[in-house]
Each structure stands twice: as C-alpha cells, then as structure tokens.
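1. Just to be clear, the model below is a prediction. Sequence and coordinates:
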Amino acid sequence: MKKILVIDDDEIVRRYFVTLLARLGYEAECAVDGPSGLAAAASPEIGLIISDLLMPGAPYGIELIRRLRAARPDCPIIVISGEGDTSTIEDCSTLGVTDFLTKPFEIGFIRNVLNRLMPKS
C-alpha cells in the first residue's frame, strides 16, 4: 500500500495525522517544511499528499502546491489550512488540488476523503 505524505510545520498536527491515519489503516510519512516535503514527495511510495499552506521557509503556500503538482502530476493533493481564503482555494483548485481540510479537522470528513482517494487493496 502506498504511503500518505503529511507536510506541516506543526508537530502536533503531524502527530495527529500519523495517529489518525494509522487507525484508519494507512501509513504516513512526514515532512516539516516545503523543501523536505518536495524531496519526500518524489518517492514513488507516496500515493497521496496532505500539505499545510502556511509554513516557514520556501517554497510554501501556492508555490509549494505548484511545485508538488509539477513533480507529481497524478498524485492527489489535499491542502490543510486554518484560513478559508476563497482566492487561495481558487488558486489551489486551478493547480489541481483534490480536496481541502480546514482546521479544526473533522475525522469523518477525513475518512471519507481518504476512502475516495486511497482505496485499500
């Protein structure tokens, strides 16, 4: 089974996703910023990417999504953010972001998105 890459600078968010994904039967790999996320996303073992938008370092935000999409054009990308800025959501949609998670996270919604994008074999 492919792994889910979680890119977020917040350790609590990373731990939350690792625990939640394990409970749902998925394996997670984590990255703490855009550069390490881009490097990890290059692995063919990654089957889905969950990325925060607002992180320190570059690339971040829309530029990170643009680079992830260029590196992995067929890999689903889910964007997580504490902000519901409609222009950012539109920009992400234009880049082919598959779905959005807004903090605080709803477990049922996450489960439904994962079941749709990463069916278990």
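-> Structure's in. What do you need?

2. Can you give me the neighbour number for Leu95?
-> Leu95 sits with 16 neighbouring residues when counted by other CB atoms under 10 Å. No exception for glycine: its C-beta is placed from N, CA and C like everyone else's.

3. Could I get the pLDDT score of it?
-> Reported pLDDT at Leu95 in the predicted model: 82.

4. before we move on, what about Leu64?
-> Per-residue pLDDT puts Leu64 at 94.

5. quick one, helices of this protein?
-> 11-23, 34-41, 61-71, 86-94, 107-117 (DSSP state H).

6. Show me how far the longest one is from its chain's centre.
-> What that stands for is helix 11-23. How far helix 11-23 lies from its chain's middle: 12 Å, per CA atoms, centre = their mean, to the nearest Å.

7. In terms of secondary structure, what does it contact?
-> In terms of contacts (3 or more CB pairs under 8 Å, 6 or more residues apart in numbering; DSSP states H and E), helix 11-23 is packed against strand 3-7, strand 28-31, helix 107-117.

8. I would like the residues contacting it, please.
-> Helix 11-23 has contacts (CB atoms under 8 Å, 6 or more residues apart in numbering) with 4, 6, 8, 27-28, 30, 32, 50, 52, 80, 105, 107, 110, 114.
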